[in-house]
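J.: Quick check, what structure comes out for this input:
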Amino acid sequence: MVNIRADEESQLFDLQNIESNSKKKSWIKRIWLEFNKIIVYLLFLVSIILTALSILNLYSFSLEKTESEIEYERISLFGYVVKLPGISDTETKATTPTKQIQTCIFSILIFLVTSIGISHVFEKFKMPGLLGILLLGILFRNVPIFHRNFFVNETVASFLRKCAFIIILLRAGLGLDPKALKKLKSACFMLAILPCTFEAFTVAILSMLLFNISFWFGLLLGFILGTVTTAVTVPAMLDLQAKNLGSEQGIPTLINAASSFDDVYALTWVSVLLSSIKLDSGDDENHSHLLTIVFALFEVIGGGILGCIMGKILCIFPSPELSNLKLRRMTLLLSFSMAAFFGMEFLRYEIAGPFAVLVQGFIAAYYWNQQKTNSEPLREEEEILKIGWKYFGLPLLFSLIGYQLDLNQLNKSNILQSILVLVLGLCVRCIVSVYSLFKTKLNFKEKFFVSIAWLPKATIQAVLAPIIMDLIRENPTKYEKYETEGKIILTATILSILITAPAGAILIRLLGPLMLKKSNEECFDSNGNSVQVLNGANLKKKLNI
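T.: The predicted model follows:
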């Protein structure tokens, strides 16, 4: 009896200890979760403040005009400003910025709404929505009745384009497959370097022969044309990945990762060549081309380290056990991205910012997938970014790119030669792209598809098209001698956007289902468990038919 009673007391004591430890753990857990909430809020607050300070220091949103501009420039919604008797210059100056702001806001809203509508119409006819949006932007810029009544401040347009670019980078980072990236890392490097280099040198040689310009200006044009636009490739590859086309071979990851390195590589060359032009004109006397290349490498490394740090922070904060987890994650992800992108730009590290955003998305997605209790991928997070791209990024980015393209600036005498240079450069790029993948296990159709996906040009070309003409406007005395080269670069770059952006999007959409293998489809049951559905080809292989 005594032993039984002692055992009961011992069991009771053990239960009390377990209950006490459980309460202690529960108490510690509650403290940790509350602390986690506070840290998430502070991180969000700090990143928003850094973003705001960077933007305010980067962009001058002043709309002040000189007296002559006020007198003659159109700034009203439906016409021109006329200097009326009885209205002083001071009063006119006071109303000018307000009217410009109103017109700018009105124009952006019209661009956004009409672009979403035209995109939907084009999608109904099985055409890429970006084609309709691009054509709409060109229409608004080049048809007088629209151009007179719309006005978008270039500073505001630049800011909106960069916000859209951040969405692209985040979608690319979250969509990268770590296993595919590890398997195809050498192919990724080759694909980022070789096609761009061969296309640039081909364009340089052809430009010397057809335009009679120097090799260095031809090479500058070549590297401007050599960058692939992530605004076309990333959404297209993510759509293919969602359909399980080429995912098993890692093709979407290969293209998305290589396109980012391709842009960094080409922009480094553009910086070096532009420095060389300034050096020949008496500017940048203390500038070294070697330093430009070294700084670009340091920016890539620094951006990668910053992205890893931000991604690691995002795996700890917010805690997976917090409520509204998806909202907290995406809020912090976007605020970190904005702070890194605009903060690095303010510090004049233009390459580091985008690279940090891309790496941050990749690292965060890697850890978030490990924290999940089931094997379902980050569908909700990716869906939020997809909606942001569809209803904000895509319509604004491509309508503003189209609005930048003033067809009156085209040098009509060089249009045919520019198209010939562009087409031959793209042919060389396709051939070299296929060769770059010779060590991979991809078949010829898959390699050919990668080379086609490597063609579209839009975002960076729209920014760099007037690069020489801007130098001439800033300092006519030193750079006026380069006007011919500037017009040739502008014409060829505008044509590259008009031809390759829609054509590339159409070809990717058409050829993807024809040339890529459909991987094993993965579905999820009501409990979140992975259920594999074999397609026809893999089912035959499984059954040894």
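
J.: For stretch 437-456, what does the pLDDT average out to?
T.: For stretch 437-456, the mean pLDDT works out to 93.

J.: ok, now stretch 305-312?
T.: 96.

J.: What are the buried residues along that stretch?
T.: 306-307, 309-311 (16 or more other CB atoms under 10 Å). The C-beta positions use only the backbone N, C-alpha and C, and glycine is treated the same way.

J.: want to try TSV for those, with secondary structure and distance to Ala180 as columns?
T.: Listed next are these as TSV, based on DSSP: H, G, I helix; E, B strand; the rest coil; distance: CB to CB, whole Å:
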residue	secondary structure	distance to Ala180
Leu306	helix	24
Gly307	helix	19
Ile309	helix	24
Met310	helix	23
Gly311	helix	18
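
J.: For the chain, just list every one of the strands.
T.: 521-524, 530-533 (DSSP state E).

J.: thought Ile255 was touching Ser451?
T.: No: counting by CB atoms under 8 Å, Ile255 does not reach Ser451; the two are 10.3 Å apart.

J.: Neighbour count: these two, which is higher?
T.: More crowded of Ile255 and Ser451, by other CB atoms under 10 Å: Ile255, with 26 against 21.

J.: mind listing what the more buried one touches?
T.: Taking CB atoms under 8 Å, 6 or more residues apart in numbering, we find Ile255 in contact with 191, 233, 237, 450, 453-454.

J.: go on, Pro395?
T.: When contacts are counted by CB under 8 Å, 6+ apart, Pro395 touches 111-112, 115-116, 119, 133.

J.: what does Ile460 give?
T.: 224, 227, 229, 263, 266-267.

J.: and with 7 Å instead?
T.: Contacts here follow CB atoms under 7 Å, 6 or more residues apart in numbering; on that basis Ile460 touches 227, 229, 263.

J.: how near is it to Ala340?
T.: The gap separating Ile460 from Ala340 is 19 Å, by CB to CB, to the nearest Å.

J.: Kindly report the same for Leu245.
T.: According to CB to CB, Leu245 and Ala340 sit 32 Å apart.

J.: go on, Leu400?
T.: On the measure of CB to CB, Leu400 and Ala340 end up 23 Å apart.

J.: more crowded one of those two?
T.: Ala340 (28 against 25).

J.: Was I right to think the more buried one contacts Leu358?
T.: No: taking contacts as CB atoms under 7 Å, Ala340 lies outside contact range of Leu358: 10.2 Å.

J.: rewinding a little: distance to Lys99 added to the buried residues of stretch 305-312, as TSV?
T.: Below are those laid out as TSV (distance: CB to CB, whole Å):
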residue	distance to Lys99
Leu306	41
Gly307	42
Ile309	45
Met310	41
Gly311	45
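
J.: wait, which of those residues is closest to Glu446?
T.: Taking CB to CB as the measure, Glu446 sits nearest to Gly307 out of the buried residues of stretch 305-312, at 29.1 Å.

J.: Next, the contact list for that closest one, please.
T.: Residues near Gly307 by CB under 7 Å, 6+ apart: 355-360, 363.

J.: mind running it again at 8 Å?
T.: So Gly307 contacts 340, 355-360, 362-363 (CB under 8 Å, 6+ apart).

J.: surely Lys518 meets Asn244?
T.: Yes: counting by CB under 8 Å, Lys518 touches Asn244, with 5.5 Å between them.

J.: and Phe215, how many residues sit next to it?
T.: Other residues close to Phe215 by other CB under 10 Å number 13.

J.: same question, Val143
T.: 10.

J.: do the same with Leu347
T.: Neighbours around Leu347, by other CB under 10 Å: 11.

J.: where's it relative to Ser158, distance?
T.: Using CB to CB, Leu347 is found at 18 Å from Ser158.

J.: next one: Ile101
T.: 16 Å.

J.: Pick out the most distant pair among the contacts of Ile255.
T.: Top of the distance list for the contacts of Ile255 (CB to CB): Leu191 and Met237, 13.1 Å.

J.: what's Leu422 in contact with, if anything?
T.: Applying CB under 8 Å, 6+ apart, we find Leu422 in contact with 203, 225, 492, 495-496, 499-500.

J.: Sorry, wrong one. I was asking about Asn256.
T.: Applying CB under 8 Å, 6+ apart to Asn256 gives the contacts 172, 175-176, 230, 233-234, 237-238.

J.: Restricted to helices, list the residues you listed.
T.: 172, 175, 230, 233-234, 237-238 (DSSP state H).

J.: So which of those residues is the closest to Gly504?
T.: Once CB to CB is applied, the member of the ones in helices among the contacts of Asn256 that ends up nearest Gly504 is Thr233, at 7.9 Å.

J.: Now Ser260: closest residue in space that isn't a chain neighbour?
T.: Leu358 (5.4 Å; CB to CB, 6 or more residues apart in numbering).

J.: Please read the previous query as pertaining to Thr268.
T.: Of all residues not flanking Thr268 in the chain, Ala296 sits nearest, at 4.0 Å (CB to CB, 6+ apart).

J.: so the one you found sits right up against Val270, yeah?
T.: No: using CB under 8 Å, Ala296 is not in contact with Val270, being 10.5 Å away.

J.: Tell me the buried residues in stretch 142-151?
T.: Within stretch 142-151, the residues that count as buried by 16+ other CB under 10 Å are 149-151.

J.: before we move on, what about stretch 35-48?
T.: The neighbour-count check on stretch 35-48 (16+ other CB under 10 Å) flags 36-37, 40, 43-44, 47 as buried.

J.: try stretch 224-241
T.: 224-238, 240-241.

J.: Alpha carbons of it, as PDB, please.
T.: C-alpha atoms of stretch 224-241 as PDB (Å, rounded to 0.1, in the frame of the first residue of the first chain):
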ATOM      1  CA  ILE A 224      22.900  48.500 -75.200                       C
ATOM      2  CA  LEU A 225      21.100  46.000 -77.500                       C
ATOM      3  CA  GLY A 226      22.800  43.000 -75.800                       C
ATOM      4  CA  THR A 227      20.800  43.200 -72.500                       C
ATOM      5  CA  VAL A 228      17.800  41.000 -72.300                       C
ATOM      6  CA  THR A 229      14.600  42.400 -70.700                       C
ATOM      7  CA  THR A 230      13.600  40.700 -67.500                       C
ATOM      8  CA  ALA A 231      10.200  42.500 -67.900                       C
ATOM      9  CA  VAL A 232       9.300  40.000 -70.600                       C
ATOM     10  CA  THR A 233      11.300  36.900 -69.700                       C
ATOM     11  CA  VAL A 234      10.600  36.700 -66.000                       C
ATOM     12  CA  PRO A 235       6.700  36.700 -66.200                       C
ATOM     13  CA  ALA A 236       6.800  34.400 -69.200                       C
ATOM     14  CA  MET A 237       9.200  31.900 -67.400                       C
ATOM     15  CA  LEU A 238       7.000  31.900 -64.300                       C
ATOM     16  CA  ASP A 239       4.000  31.200 -66.400                       C
ATOM     17  CA  LEU A 240       5.800  28.200 -67.900                       C
ATOM     18  CA  GLN A 241       6.900  27.100 -64.500                       C
END
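
J.: The buried residues of stretch 35-48 in helices, which ones?
T.: 36-37, 40, 43-44, 47.

J.: As CSV, the contacts of Leu422 with distance to Leu332 and pLDDT would be great.
T.: Shown next, in CSV, are the contacts of Leu422 (distance: CB to CB, whole Å; pLDDT from 0 to 100):
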residue, distance to Leu332, pLDDT
Val203, 43, 97
Leu225, 37, 95
Ala492, 42, 94
Leu495, 42, 93
Ser496, 37, 94
Ile499, 40, 94
Thr500, 36, 95
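
J.: of all those, which two lie farthest apart?
T.: Of all pairs drawn from the contacts of Leu422, the one with the longest distance (CB to CB) is Val203 and Ile499, at 14.2 Å.

J.: Looking at the two, which is more packed in?
T.: Remark: of Val203 and Ile499, Val203 carries more neighbours, 27 against 18, as counted by other CB under 10 Å.
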